[in-house]
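> sequence unknown, structure follows:
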C-alpha cells in the first residue's frame, strides 16, 4: 500500500493545526477545538491509507435518482432502486481496482456484503476509473437518517462528493443550508449532478442549470461544477465519468478535500480569534517592566522606609560609641534621640524583622501585579488578556507572605557594632584619661608645689596646659571626623540593605509573577504563530 503524500504545504498546516489544538483549550470555543481535533484525526487516518484510491460519494435526497445514477456509472445493478428501497439503508460501494482498497473500505465502515468490485472483464474501456471507490449513500433526508448519521459521516470522509439533485428539489433549502453552505470553498472536490434531465426540455434544463449555478455562487461555491445527467437515457453519465476519471487520475482529491477542510476551519478560527497584530505582542517581560514591578513591590513592602529608618538608627546609635565621651555623658540626661526623630515605630519594625514583622500591603501588591498585566496585554484578544491576567495573579495571594519571609532573612541588627567604632571609642577614652592626668598634674603643681617631684614642678605647668589643650583638640577633632564617617557609613549601610532587599524582592517577583506571565506570553505567541501557519501558503 502506498502512503499518501500531498503538496508541500499540507504537512506544515496540519502540524500548525496540531499546535493550535494543543494550545487552544480554555482559549478557543470547545466546538472549534472538537472540529479541529476531528479533522486532525481524519487527516491522519486518510493519509495513512491508500493513495491509489479516490473515494467518491453520491449524496442526495429521496427520489433524486441517486441509486439509478450509481448503477449507470458502475454499469451494474448494484444498488436497489424503487420507491421503498428496503436494502439501500446502508451504503453500497463499487471499487475499480480492489487491491489495497480493503483497509480504506474498513475505515469507511462499508459492510462486506455491500462491497462490489469491477471484474477485469467488465473494466474494458474504463481503465481511467481504476482506483475509484464509488459510494451510494443513504438518503440524507429519510426518516432513518434522523437516527442513523451514516450519510453525514461519509459525506465528511469522502474525498469527493457528488450531490445528486432532481429538478423538483434542486433548490431545497434544507439541503443547501445543511450541506452546501458548509462545503463552501470545497469547489475542487464537489460536483453537482442535476439528475433526471430526461424529464426536462432543452430550454428548461438550460434554465435550471443557470439557476442552480447562480444559487450555488450565492452560497459561496465560487466555481460550481454542474453536470446534467439522466440515469434513464444515459445523458451526461459519460460527462460525469470524465469528471470522476480526472479526479482519479490526478490522485489529488483526498489532498484537496483535506486542504479545503483546513481552509474552512482556518476561516472559522480566524473569525473567532483574528491574528491581526497578535504576532507583534511581547513574548517576554522586558527589563523596564521588571524594574517597575520590583519598585512597586518594594514600595508595598516598605523597603525605602526601612532603609531610611536603618540609616537614622545607625547614625544615632553611633553616638553611644564614637561621640566625645563628655558629650555622651551629658546626652544621657536628655530624651532618646530616636523619640525626637519620631522613629520609634520604624525602629520596632526593624527590630521585629527577625520575627517576621515586615509585611507587604496586599492592596499595593495587587495593584503592582495588575499594572504589569495591563501593560503587557494592550491590544490582545480579550480571551488572552484574561489568561495573561490570570497567570499574573495566579500566586498573588501568596506573594505578600513570600516577600515577608524572604526579607526576614536580611533583617538588619540594630545593635550591630562595627569594629572601628570600638577602636575609636578606646582612642577617645584614652584621650579622656590623658586629659584627666593633665588635670591631676595641674592641681598638684598649683596646690602642692614640690610635693610630688616633677608633678609638683610649676615650670611644667605651661606644658601640661598645652598638652591638655592638645588632648581636647584631638578629642573634638576625632569626634567631628568620626561623625562624618558615621554619616557615610550609615548611607552605605542603607544602600547595602536596600540593594539586598530589592534583589530578594526582584527574585520573588520573577518566580511568582514574571515567570507565569512569560509562560502565558510564549503560549500566546506560539498559538498565533501556529494559527498564522494554517493559512494557505
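Right, received. Where do you want to start? These numbers were taken from a predicted model, which means no experiment stands behind them. Numbering: from 1, shown residues only.
> can you report how many residues neighbour residue 422?
Neighbourhood size, residue 422 [other Cβ atoms under 10 Å]: 12. C-betas here are computed from N, CA, C, even on glycine.
> so it sits in a strand?
No. With DSSP: H, G, I helix; E, B strand; the rest coil as the criterion, residue 422 is assigned helix and is not in a strand.
> do a quick rundown of the strands in the stretch 51-200 of the chain.
54-60, 92-95, 115-117, 132-136, 160-165, 190-194 (DSSP state E, counting those that start in this stretch).
> which secondary structure elements does the third one contact?
Strand 115-117 sits against strand 92-95, with contacts defined as 3 or more Cβ pairs under 8 Å, 6 or more residues apart in numbering; DSSP states H and E.
> list the pairing partners of the strand it packs on within its sheet, with orientation.
strand 115-117 (parallel), strand 132-136 (antiparallel) (DSSP bridges).
> got the contact list for that strand?
The contact list for strand 92-95 (Cβ atoms under 8 Å, 6 or more residues apart in numbering) reads 53, 67, 70, 73-74, 76, 78-79, 101, 105, 108, 110, 114-118, 132-136.
> apart from its chain neighbours, what residue comes closest to residue 525?
Excluding its sequence neighbours, the residue lying closest to residue 525 (Cβ to Cβ, 6 or more residues apart in numbering) is residue 283, at 4.2 Å.
> give the buried residues for stretch 9-25.
By 16 or more other Cβ atoms under 10 Å, the buried positions in stretch 9-25 come out as 10, 13, 14, 16, 17, 18, 19, 20, 21, 23, 24.
> for residue 478, which non-adjacent residue is spatially closest?
residue 428 is the one closest to residue 478 (Cβ to Cβ, 6+ apart), at 6.1 Å.
> give the contact list for that neighbour.
322, 324, 325, 475, 478, 479.
> what about the third one, distance to residue 102?
Same thing as residue 325. Distance, residue 325 to residue 102, using Cβ to Cβ, to the nearest Å: 108 Å.
> before we move on, the earlier item: among the contacts of strand 92-95, which ones are buried?
53, 67, 70, 73-74, 78-79, 101, 105, 108, 110, 114-116, 118, 132-136.
> which neighbouring elements make contact with the longest helix belonging to the chain?
Scanning the chain for the helix with the most residues, using DSSP state H, yields helix 461-509. When contacts are defined as 3+ Cβ pairs under 8 Å, 6+ apart, helix 461-509 sits against helix 287-301, helix 303-322, helix 399-408, helix 419-447.
> angle of it against helix 287-301?
Counting by axes from the mean of the first three to the mean of the last three Cα atoms, to 10 degrees, helix 461-509 lies at 110 degrees to helix 287-301.
> relative to helix 399-408, how tilted is helix 461-509?
Going by the same axes, to 10 degrees, helix 461-509 makes 150 degrees with helix 399-408.
> just checking, next helix/strand downstream of helix 461-509?
helix 515-533 (DSSP states H and E).
> run the chain-centre distance for that next one.
Relative to its chain's centre, helix 515-533 lies at 4 Å (Cα atoms, centre = their mean, to the nearest Å).
> report the buried residues of stretch 502-520.
Applying 16+ other Cβ under 10 Å to stretch 502-520 flags 502, 504-506, 508-509, 512-514, 516-518, 520 as buried.
> ok, stretch 60-71 next?
So, applying 16+ other Cβ under 10 Å, buried residues of stretch 60-71: 60, 61, 62, 64, 65, 66, 67, 68, 69, 70, 71.
> right, and the third one touches residue 151 too?
Put plainly, it is residue 62. No. Using Cβ atoms under 8 Å, residue 62 is not in contact with residue 151; the gap is 11.4 Å.
> give me the common contacts of the two.
Joint contacts of residue 62 and residue 151 (Cβ under 8 Å, 6+ apart) are residue 139.
> after the host helix or strand of residue 366, which helix or strand is next?
Assigned by DSSP H and E, residue 366 belongs to helix 362-376. Moving toward the C-terminus from helix 362-376, the next helix or strand (DSSP H and E) is helix 382-392.
> run the chain-centre distance for that next one.
9 Å.
> and the contacts of it?
26-27, 273, 278, 369-370, 372-374, 376-377, 380, 513, 516-517, 519-521, 523-524, 527.
> for residue 251, which non-adjacent residue is spatially closest?
Nearest one to residue 251, counting by Cβ to Cβ, 6+ apart, is residue 51 at 6.1 Å.
> how much space between the one you found and residue 19?
25 Å.
> what does residue 367 give?
Distance from residue 367 to residue 19, by Cβ to Cβ: 35 Å.
> cool, and residue 56?
32 Å.
> what do you get for residue 169?
Distance of residue 169 to residue 19, computed by Cβ to Cβ: 43 Å.
> next, count neighbours for residue 54.
Residue 54 has 28 nearby residues by other Cβ under 10 Å.
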